[in-house]
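[1] Here you go, sequence then predicted model.
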Amino acid sequence: MHLDVQRLHSFYYRSAIGRVAQRVVRDQVTTFWPEAKQQSVGGFGFAVPLLRPYLPHARRVVALMPSQQGVMPWPAGMPNVSVLCEETLWPIENGRFDKLVLMHGLETSERPSALLDECWRVLGPGGKALFIVPNRSGLWARSDATPFGFGRPYSMGQLEAQLKAHNFEPLRHTAVLYQPPSTRRFWMKTGRFWEQMGRSVSALIAGGVLMVEVSKTNPTPRGTKAESRVLNPLGNLVPKPSSKPARARVQGKSAAFEHGNP
């Protein structure tokens with residue numbers, strides 16, 4: 001179930017913990033993708049907090065928001081680039097995006113398999129996507145006070161297996177948001193420390209959010225029964241070749257005439 005767009009907006013733009021989450025996740029996105037000059041960049045779910053760094057230089061930025069969530073105009077004070085769409089039927093032509101970011105889109109989707117197929121469709125050849133989901137082992141997935149506490153959390157293995165099944169090749173991954181999802185002064189003031197320590201000892205501390213970068217791959221072509229039927233569209237009207245070579249058939253007829261059997 002998708003969260004309401006107003007609730008997401010309030011968390012990321014009006015709450016202290018939401019602004020921290022926005023900064024940490026966005027910094028990691030720009031680490032993966034420092035620039036997108038003259039590229040088409042898309043976002044689905046509520047990815048707008050992560051798309052702003054690409055507005056000045058990208059050829060096009062499109063923020064897709066599912067109808068179950070609702071839409072808001074974005075960016076503030078600039079021409080609107082946000083679009084309301086059906087979750088698995090985007091108003092985007094095939095191969096449009098060079099880069100695609102999903103946040104609060106996959107884990108809340110009621111049809112994740114169809115959604116991943118739509119992501120694959122809109123990516124161009126060699127296009128890359130970044131999937132951002134709550135970590136099943138992290139504290140953020142256990143708190144209803146943040147948007148990452150809703151939907152279906154993932155482990156890294158589960159997420160990468162699902163992406164591979166839809167013709168995405170995982171390139172690199174990381175986890176972020178190691179500080180607890182608390183607004184207490186101690187945790188807020190020491191947030192940067194926990195982030196640095198968590199990444200250095202990630203085997204002991206689980207980050208609240210998983211991020212996986214993937215590239216689009218082409219599926220292996222496989223024959224189907226439908227394709228086999230098309231090979232013989234006229235059915236029994238198509239003459240079947242003789243099992244004997246032509247020379248053998250002619251010799252057989254000549255021998256029959258010599259013996260008086262035309």
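    Sure, I can see it. Since this is a predicted model, take the numbers as computed values, not measurements.

[2] where does the stretch 151-262 of the chain dip in pLDDT?
    Within the stretch 151-262 of the chain, the stretches with pLDDT under 70 are 183, 186-191, 193-194, 196-205, 220-262.

[3] give me that answer again for 50
    203-204, 223-238, 255-257, 262 (pLDDT under 50).

[4] Wasn't Arg7 part of a helix?
    Yes - the assignment for Arg7, made by DSSP: H, G, I helix; E, B strand; the rest coil, places it in a helix.

[5] The nearest residue to Gly95 once chain neighbours are set aside: neighbouring residues, count only.
    In this structure, Gly95 finds its nearest non-sequential neighbour in Gly124, 4.1 Å apart by Cβ to Cβ, 6 or more residues apart in numbering. The C-beta positions use only the backbone N, C-alpha and C, and glycine is treated the same way. The local packing of Gly124 (other Cβ atoms under 10 Å) involves 16 other residues.

[6] in which helix or strand would I find Gly124?
    In the assignment (DSSP states H and E), Gly124 maps to strand 123-134.

[7] What residues sit buried inside that strand?
    By neighbour count with 16 or more other Cβ atoms under 10 Å, strand 123-134 contains the buried residues Leu123, Gly124, Gly127, Lys128, Ala129, Leu130, Phe131, Ile132, Val133, Pro134.

[8] can I get the residues you listed in a markdown table with pLDDT and distance to Leu163?
    Shown next, in a markdown table, are those (pLDDT from 0 to 100; distance: Cβ to Cβ, whole Å):
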| residue | pLDDT | distance to Leu163 |
| --- | --- | --- |
| Leu123 | 97 | 12 |
| Gly124 | 95 | 18 |
| Gly127 | 95 | 14 |
| Lys128 | 97 | 12 |
| Ala129 | 98 | 8 |
| Leu130 | 98 | 11 |
| Phe131 | 98 | 7 |
| Ile132 | 98 | 13 |
| Val133 | 97 | 11 |
| Pro134 | 96 | 16 |
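
[9] Could you identify the most distant pair in these?
    Put simply, by Cβ to Cβ the two of the buried residues of strand 123-134 set farthest apart are Gly124 and Pro134, 28.5 Å from each other.

[10] any idea which element Tyr13 lies in?
    helix 5-14.

[11] Pull the residues that contact that helix.
    Counting by Cβ atoms under 8 Å, 6 or more residues apart in numbering, the neighbours of helix 5-14 from elsewhere in the structure are 17-19, 21-22, 46, 49, 65, 69-72, 104, 146-147.

[12] Which is the succeeding secondary structure element to it?
    Moving toward the C-terminus from helix 5-14, the next helix or strand (DSSP H and E) is helix 16-32.

[13] Could you tell me the angle between whatever helix or strand Gly42 lives in and strand 123-134?
    The secondary structure element spanning Gly42 is strand 40-45 (assigned by DSSP H and E). Strand 40-45 and strand 123-134 meet at an angle of 30 degrees, taking axes from the mean of the first three to the mean of the last three Cα atoms, to 10 degrees as the criterion.

[14] Much appreciated, bye for now.
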